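> heads up, no residue letters with this:
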Ligand SMILES: [Zn+2]
């Protein structure tokens, strides 16, 4: 039996993520080694495109994960986990907290190689604006720089910031010629 027909029967002719019945096709879950139904979901065009493109996410569409995350099928659970992680906001976080994946399934979910891990950590400035590597910011408070013996004044611009990978509240930037760690709550994106 082909992967398509296997998925067609497993899905009962519905998108396994949102339940839509139109334009269904096989979505192979990356990283793809061998094409098998166990490592794929049957998905409508909308789900397919958004799963395939991390930059294109219609949050409201993914309310459907409320249901599909409870699937018994590992492949569906993995994609639900990845999309919830990717969307990364308060309601998806609530669902993720409720979700339980066996260790090996969680490992698979994290093995996407498309930066899902990195997306869990998001740096935001004092206004909640997302900070990216290389952004410019302005200090909104006088900061005593420990060990360096100077105060970084409020209003000081810092260019080309570096995001600290394992801490969403820390960025690095050069002030007075020195690379220092700055708390995101004291900066504003410029
Ligand atoms: Zn769908």
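Yes, it's here. Given the structure is predicted, the values throughout are model-derived calculations rather than measurements.

> Can you give me the pLDDT of the residue most central in space within the chain?
In the chain, the residue lying closest to the centroid (Cα atoms, centre = their mean) is residue 86, at 2.6 Å. For residue 86, the pLDDT comes out at 89.

> Surely it and residue 56 touch.
No - under the criterion of Cβ atoms under 8 Å, residue 86 makes no contact with residue 56, lying 10.6 Å away. The way it works is simple: take the backbone N, C-alpha and C, and place the C-beta from them, glycine included.

> Check whether the biggest helix by length in the chain comes into contact with the ion.
Criterion DSSP state H: the longest helix present in the chain is helix 74-87. No - remark: helix 74-87 sits outside contact range of the ion, by Cβ under 5 Å from the ion, the gap being at least 10.5 Å.

> Report the angle between the helix or strand just after that helix and helix 74-87.
Proceeding N to C from helix 74-87, the next assigned helix or strand is helix 90-98, under DSSP states H and E. On the basis of axes from the mean of the first three to the mean of the last three Cα atoms, to 10 degrees, helix 90-98 is oriented at 140 degrees to helix 74-87.

> what comes up buried for helix 90-98?
Buried residues in helix 90-98, counted by 16 or more other Cβ atoms under 10 Å: 92, 95, 96.
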